[in-house]
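Undergrad: Please work out how this folds:
(one chain, ligands or ions: 1)
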Amino acid sequence: MIKYKLACKNCKTTFDSWFASSGEFEKLKKKSLLVCHICNSTTVDKTLMAPSLRNNKKDTKHDLQLEKYDNVKKTIKSYQKFIKDNFKFVGENFAYEARSIHYNPKKKIKGIYGNASKKDLKELKEEGIDTKMIPWVEDKDN
Ligand SMILES: [Zn+2]
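TA: Take a look at the predicted model:
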């Protein structure tokens, strides 16, 4: 008999389990017969405890965070491109322009973007003017 510490990737539970041999473990895993007793997920695997592997894990995590950051940045940039292509940039005049569109529905502007303070946004909201805040990445980051 061999005891493994198993971890469920789905609900993060760890638990001990006994197997006849390491071969039996692999067989059950291949057949998706290793099931988490908490959430019934089959994403159960042996946990790796060796110190050298722990270091590798740390590096991987760091890379993953960088990758995530890059993905978020890409998403923001694609929003920015859409906004630049479709909306008019009004810079610091955002609150003024937003009001002029709101109170003059005949004005033919699809949308605007620019800078506004939190106070501006609060006042616009109170006047029933819908604004959206989005994170902005400077182009010079490229
Ligand atoms: Zn689970």
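
Undergrad: only C-alpha atoms for contact and neighbour calcs from this point on.
TA: Will do.

Undergrad: next SSE after the host helix or strand of D63?
TA: Element membership of D63, judged by DSSP states H and E, is helix 51-86. Where DSSP H and E defines the elements, the next helix or strand beyond helix 51-86 is strand 88-91.

Undergrad: Can you name the next helix or strand after that next one?
TA: Downstream of strand 88-91, the first helix or strand assigned by DSSP H and E is helix 94-102.

Undergrad: and stretch 77-89, average pLDDT?
TA: The pLDDT scores in stretch 77-89 average 87.

Undergrad: isn't A116 right up against F94?
TA: Yes - assessed by Cα atoms under 8 Å, A116 is found in contact with F94 at 6.0 Å.

Undergrad: more neighbours, those two?
TA: Neighbour totals were compared for A116 and F94, and F94 leads with 19 against 15 (other Cα atoms under 10 Å).
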